[in-house]
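Novice: Sequence first, then the predicted structure, then my questions.
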Amino acid sequence: MADEKKPLLIKRYASRRLYNTETSDYVTLEDIAGFIRDDREVQIVDLKTGDDLTRQYLLQIIAEHESRGESVLPINVLNDLVRSYTTQATSVVPQFLAASFDMLRDGQEKMMGGMSPSMKMPGLEAMQAQQEAFMKAITGGMNWTGGTAPDDAEEGEQDDGEDLDAIKKQLSELNEKLNKLK
């Protein structure tokens with residue numbers, strides 16, 4: 001069971017080739033993206049220096065998908081990320097993104113688990129509606145299954161517009177606070 005939590009070690013040679021230490025073969029960035037899609041954590045290290053290069057390679061995978069037109073991050077989110085690197089104050093963006101993706105992952109697991117109505121905790125539906133509205137705003141209307149969100153509100157979803165307005169207001173207030181910190 002401990003092996004399941006251990007990240008897959010990928011070594012980068014001086015030639016910039018990536019070597020999978022488990023299967024003893026070379027891999028591509030697309031292979032690494034596949035490991036991650038299969039819920040496998042990876043760690044990429046430079047063979048000579050031992051430096052952890054994981055973050056750089058993950059960003060490169062995202063950049064390649066974006067350059068092929070597989071846009072996941074809207075331009076305003078990319079701009080905000082760049083701004084977060086240029087602010088003098090300590091940025092809350094990394095913690096915010098981590099918490100948001102943790103919420104998304106937890107929500108997906110609960111949705112996939114098919115919780116019965118009797119098992120739902122109070123306020124969960126409101127939190128899920130806020131999370132969904134937030135993710136729609138970030139992903140430009142893409143839903144969790146990869147399609148676009150339907151234009152027609154289903155029965156019981158009429159209040160989503162109000163939730164979205166409240167979230168937009170909160171995001172605007174956070175943005176103002178961040179701008180003041182600059």
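Specialist: Received it, and whenever you're ready, just let me know what you need. Numbers count the residues shown, from 1 in each chain.
Novice: Tell me how far the closest residue to A14 other than its chain neighbours lies from Q56.
Specialist: Spatial nearest neighbour of A14, excluding adjacent residues (C-beta to C-beta, 6 or more residues apart in numbering): K48 at 6.2 Å. To be clear about C-beta, it is placed using only N, CA and C from the backbone, and glycine gets the same treatment. Distance of K48 to Q56, computed by C-beta to C-beta, to the nearest Å: 15 Å.
Novice: cool, and L178?
Specialist: L178 is 26 Å from Q56, by C-beta to C-beta.
Novice: neighbour-wise, which of those two wins?
Specialist: More crowded of L178 and Q56, by other C-beta atoms under 10 Å: L178, with 18 against 11.
Novice: Mind telling me what element that one is part of?
Specialist: helix 160-181 (DSSP states H and E).
Novice: counting contacts, what elements does that helix pack onto?
Specialist: Helices and strands touching helix 160-181, by 3 or more C-beta pairs under 8 Å, 6 or more residues apart in numbering; DSSP states H and E, are helix 75-86, helix 124-139.
Novice: Compare those and say which comes out lowest on pLDDT.
Specialist: For the helices and strands packed on helix 160-181, mean pLDDT drops lowest on helix 124-139, to a mean of 64.
Novice: dump the residue contacts of I61.
Specialist: For I61, the contact set (C-beta atoms under 8 Å, 6 or more residues apart in numbering) comprises L29, I32, A33, I36.
Novice: Reformat those residues as TSV; add neighbour count, distance to S71 and secondary structure.
Specialist: What follows is the contacts of I61, written out as TSV (neighbours: other C-beta atoms under 10 Å; distance: C-beta to C-beta, whole Å; DSSP: H, G, I helix; E, B strand; the rest coil):
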residue	neighbour count	distance to S71	secondary structure
L29	15	18	helix
I32	22	20	helix
A33	17	16	helix
I36	14	18	helix
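Novice: and those as CSV, adding distance to G113 and pLDDT?
Specialist: Shown next, in CSV, are the contacts of I61 (distance: C-beta to C-beta, whole Å; pLDDT from 0 to 100):
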residue, distance to G113, pLDDT
L29, 32, 94
I32, 28, 95
A33, 26, 93
I36, 22, 92
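Novice: Kindly indicate which of those residues lies nearest R17.
Specialist: L29 (11.5 Å; C-beta to C-beta).
Novice: how does the protein divide into domains?
Specialist: 2-67, 75-181 (automatic domain parsing).
Novice: Lowest mean pLDDT across these, which one is that?
Specialist: When I compare the domains of the chain, domain 75-181 is least confident, with a mean of 66.
Novice: what comes up buried for stretch 23-42?
Specialist: V27, D31, I32, A33, F35, V42 (16 or more other C-beta atoms under 10 Å).
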